[in-house]
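K.L.:
can you look at this prediction? I've put the sequence above it.
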Amino acid sequence: MIAKIVQKLRSLTMKSQIILFNVLTLVIVLQVVWINYYVQTQIFSSISFSSLYQILQKQDQDKIGFIAKNVALIIELKFLSILTQMEQIKEFYIFFEKEKENIVNNYKMDSCISIEDYINDNTSLYTPKFCYQAIGVPDYVTIPQNETGIQILHDFISFLNHYSFSLDVSFSGMIQISSVSKTKYFSQFPFCFLLPWFDITSLPWYQNHLLKTSENEKEGFIFSPLNDFFITKIKEMSITSSLYSDGNMIGIIREGLIISDYLIPTVPYNVLLLDQDGLVVYFNIEQLRNKTDYFYIYDQNVTGFNKTDWEGMIQFSSQREKVILVLENKLQDEKVNVYSLQVLKNNFTLIVYTNITTKIDSQNQSTAIRETSFINFTISLFGQILLGFVAIILQIFVLLIVFKPLKQFNSIIKQYTLSQGNNVNSEIFKMIHKKTQESDALTTLQNKILNFSQILSERQGKKCDMCKIWESFAFNEKELQLDIDQIKNQFQILQNGMQEFEPKMLKIIKQGIK
């Protein structure tokens with residue numbers, strides 16, 4: 001089989017062999033190009049996807065940890081500002097109690113106005129100040145003279161009103177000071193309406209404070225369970241502290257930490273603030289923008305997390321050395337990075353996790369980059385194939401130009417070969433070529449070669465006898481006697497023939513030159 005192929009290749013002309021070799025070379029080059037393209041696309045796709053996923057994952061984890069810590073720090077600072085303000089009010093009260101005999105306060109605190117009075121004159125509402133009401137007396141204004149604790153609170157708050165401009169309620173919404181007595185006295189900053197039906201002793205934070213102080217009188221700040229901020233759905237955590245006179249508690253200072261966007265800044269991640277039971281008191285989640293009902297973190301149909309995930313978050317938040325927690329969001333069916341930590345005296349759990357929409361957008365961007373790279377590789381592949389075909393076409397074109405004179409010369413050689421055949425072929429060749437031929441250089445050369453071949457043929461016949469004599473002289477050992485005269489005659493004939501040949505040859509060459 002191989003021998004036949006080799007024989008077939010040898011039977012081809014040189015031009016055909018070169019073209020075949022170039023075609024085979026082009027095929028091999030295209031195979032190499034295709035393999036290179038396949039390897040590049042597969043390896044690049046695999047490496048780029050893996051690298052990009054790891055980079056995005058690492059960036060997401062670092063950002064979540066950084067943002068969670070900073071959000072917790074912001075919450076703690078705002079929380080600390082409330083505690084600091086309450087502590088300053090208590091210190092100011094201690095100073096007032098010591099120096100009240102030396103303090104002259106001609107300014108008396110106003111009572112809270114009713115809603116009807118506010119409708120008639122609403123200017124007082126725009127002046128932030130303390131106002132009071134005494135639920136338990138007929139006019140809601142008169143301070144009972146027999147309740148010393150209320151008298152002390154009233155005088156202190158009246159004195160504090162002079163410095164009300166330094167009070168900040170941007171995080172708490174209000175400051176309340178309530179008495180601990182039969183008369184339900186309380187004062188509120190920056191404003192309050194007179195509400196005869198309002199019973200401050202029925203509020204959860206009031207009852208919780210009395211309960212905690214009965215267990216431990218030295219309790220500093222008391223944090224009450226969450227409650228609604230008035231009639232809104234915004235959650236509020238009450239912080240209370242006691243005011244004492246002669247060792248007896250006479251009042252309660254209360255500020256509320258409102259869980260809102262003002263407390264927790266908006267970040268490009270999902271943020272949840274949970275109480276100890278897993279109730280979501282604040283959220284900023286991409287798929288729950290308009291939700292107003294309360295829900296728990298382990299409500300899988302709402303948050304995508306279950307109780308097992310919630311337990312993992314609590315356990316992670318208590319760890320000192322934290323990296324990241326990876327959980328599956330059941331709603332989006334996506335792995336998310338979660339970072340949780342305890343805030344506000346361990347009363348709340350802050351959770352920050354991956355924004356799934358942002359993650360999908362990043363994946364789409366990486367896919368677009370890979371597709372662009374794939375298109376560029378494909379364009380490169382077809383460009384190389386096109387250049388290969390152009391190269392082979394140019395080679396064939398060059399071969400045709402180079403081999404054109406060789407083809408003409410080969411035709412001359414074939415004609416000469418035919419002219420040197422037997423007498424029949426020679427005569428047929430002469431009959432075919434009787435017509436006037438083109439007078440170009442190749443035709444002239446062809447005619448001269450044919451004439452020269454005829455002369456050689458004639459001389460070949462004259463040389464035959466001489467060759468026979470030399471052969472018999474060299475190889476016939478039996479013929480010992482030689483005819484010297486015959487040899488001389490043959491030499492003479494040869495010389496005469498050469499003398500006749502030289503002029504004819506010179507004449508033919510001169511005619512060819514002309």
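P.N.:
Nice, thanks for sending it over. Since this is a predicted model, take the numbers as computed values, not measurements.
K.L.:
how about the secondary structure of residue 182?
P.N.:
Here residue 182 is recorded as coil under DSSP: H, G, I helix; E, B strand; the rest coil.
K.L.:
no, scratch that, I was asking about residue 43
P.N.:
The assignment at residue 43 comes out as helix when based on three-state DSSP.
K.L.:
that one: neighbour count?
P.N.:
Each residue near residue 43 was counted by other CB atoms under 10 Å, and the total is 10. C-betas here are computed from N, CA, C, even on glycine.
K.L.:
please apply the same query to residue 99.
P.N.:
Applying other CB under 10 Å, we find 10 residues neighbouring residue 99.
K.L.:
which residues sit in contact with residue 362?
P.N.:
Each residue near residue 362 by CB atoms under 8 Å, 6 or more residues apart in numbering is listed here: residue 56.
K.L.:
sec struct for it, please.
P.N.:
Of the three states, residue 362 takes helix according to three-state DSSP.
K.L.:
next, work out how far apart it and residue 284 are.
P.N.:
20 Å (CB to CB, to the nearest Å).
K.L.:
alpha carbons of stretch 77-97, as CSV, please.
P.N.:
Written as CSV, here are the backbone C-alpha positions of stretch 77-97 (Å, rounded to 0.1, in the frame of the first residue of the first chain):
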residue,chain,number,x,y,z
LEU,A,77,-22.0,54.9,68.6
LYS,A,78,-25.5,56.1,68.2
PHE,A,79,-26.6,53.9,71.0
LEU,A,80,-23.7,55.2,73.1
SER,A,81,-24.8,58.8,72.4
ILE,A,82,-28.2,58.0,74.0
LEU,A,83,-26.6,56.4,77.0
THR,A,84,-24.2,59.3,77.4
GLN,A,85,-27.0,61.8,77.2
MET,A,86,-29.0,59.9,79.9
GLU,A,87,-25.9,59.7,82.1
GLN,A,88,-25.4,63.5,81.7
ILE,A,89,-29.0,64.2,82.7
LYS,A,90,-28.6,62.0,85.8
GLU,A,91,-25.4,63.8,86.8
PHE,A,92,-27.1,67.2,86.2
TYR,A,93,-29.9,65.9,88.5
ILE,A,94,-27.4,65.0,91.2
PHE,A,95,-25.9,68.5,90.9
PHE,A,96,-29.3,70.1,91.1
GLU,A,97,-30.3,68.0,94.2
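K.L.:
what residues sit buried inside it?
P.N.:
78-79, 82-83, 85-86, 89-90, 93, 96-97 (16 or more other CB atoms under 10 Å).
K.L.:
can I get the residues you listed in a markdown table including distance to residue 33, pLDDT and secondary structure?
P.N.:
As requested, these are arranged in a markdown table below (distance: CB to CB, whole Å; pLDDT from 0 to 100; DSSP: H, G, I helix; E, B strand; the rest coil):
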| residue | distance to residue 33 | pLDDT | secondary structure |
| --- | --- | --- | --- |
| 78 | 65 | 87 | helix |
| 79 | 67 | 87 | helix |
| 82 | 71 | 90 | helix |
| 83 | 73 | 91 | helix |
| 85 | 75 | 93 | helix |
| 86 | 77 | 93 | helix |
| 89 | 82 | 94 | helix |
| 90 | 83 | 93 | helix |
| 93 | 88 | 93 | helix |
| 96 | 92 | 92 | helix |
| 97 | 94 | 89 | helix |
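K.L.:
going by distance to residue 187, which of those wins?
P.N.:
For the buried residues of stretch 77-97, the closest approach to residue 187 (CB to CB) belongs to residue 89, at 11.8 Å.
K.L.:
give me the nearest residue to that closest one, chain neighbours excluded.
P.N.:
What sits nearest to residue 89 in space, not counting adjacent residues and going by CB to CB, 6 or more residues apart in numbering, is residue 253, at 5.9 Å.
K.L.:
measure the one you found to residue 342 for me?
P.N.:
Residue 253 is 25 Å from residue 342, by CB to CB.
K.L.:
so for these two, which residue has more residues nearby?
P.N.:
Just comparing residue 253 and residue 342: by other CB under 10 Å the higher neighbour count belongs to residue 253, 21 against 15.
K.L.:
does the residue nearest the centre of the chain count as helix, strand or coil?
P.N.:
Residue closest to the mean C-alpha point of the chain, counted by CA atoms, centre = their mean, is residue 366 at 4.1 Å. Classification of residue 366 using three-state DSSP returns helix.
K.L.:
which pLDDT value goes with residue 479?
P.N.:
pLDDT, the model's per-residue confidence, is 48 for residue 479.
K.L.:
one more: the one 4 residues further on?
P.N.:
Model confidence at residue 483, given as pLDDT, is 60.
K.L.:
swap in residue 76?
P.N.:
The pLDDT attached to residue 76 in the predicted structure is 88.
K.L.:
which residues sit in contact with the spatially closest residue to it that is not a sequence neighbour?
P.N.:
The shortest distance from residue 76 to any non-neighbouring residue, by CB to CB, 6+ apart, is to residue 343 (6.2 Å). For residue 343, the contact set (CB under 8 Å, 6+ apart) comprises 72, 75-76, 79, 273, 349-350.
K.L.:
so what's the residue count around residue 247?
P.N.:
For residue 247, the number of neighbouring residues by other CB under 10 Å comes to 6.
K.L.:
give the rounded mean pLDDT of stretch 401-411.
P.N.:
For stretch 401-411, mean pLDDT rounds to 70.
K.L.:
on the three-state scheme, the nearest residue to the residue nearest to the centre of the chain once chain neighbours are set aside is what?
P.N.:
Across the structure, with CB to CB, 6+ apart as the measure, the residue nearest residue 366 apart from its sequence neighbours is residue 52 (4.6 Å). The local conformation at residue 52, judged by three-state DSSP, is helix.
K.L.:
surely residue 52 touches residue 367?
P.N.:
No: with contact defined as CB atoms under 8 Å, residue 52 does not reach residue 367; the gap is 9.6 Å.
K.L.:
quick one: which of these two has more around it?
P.N.:
Neighbours per residue, other CB under 10 Å: of residue 52 and residue 367, the larger number sits with residue 52, 17 against 12.
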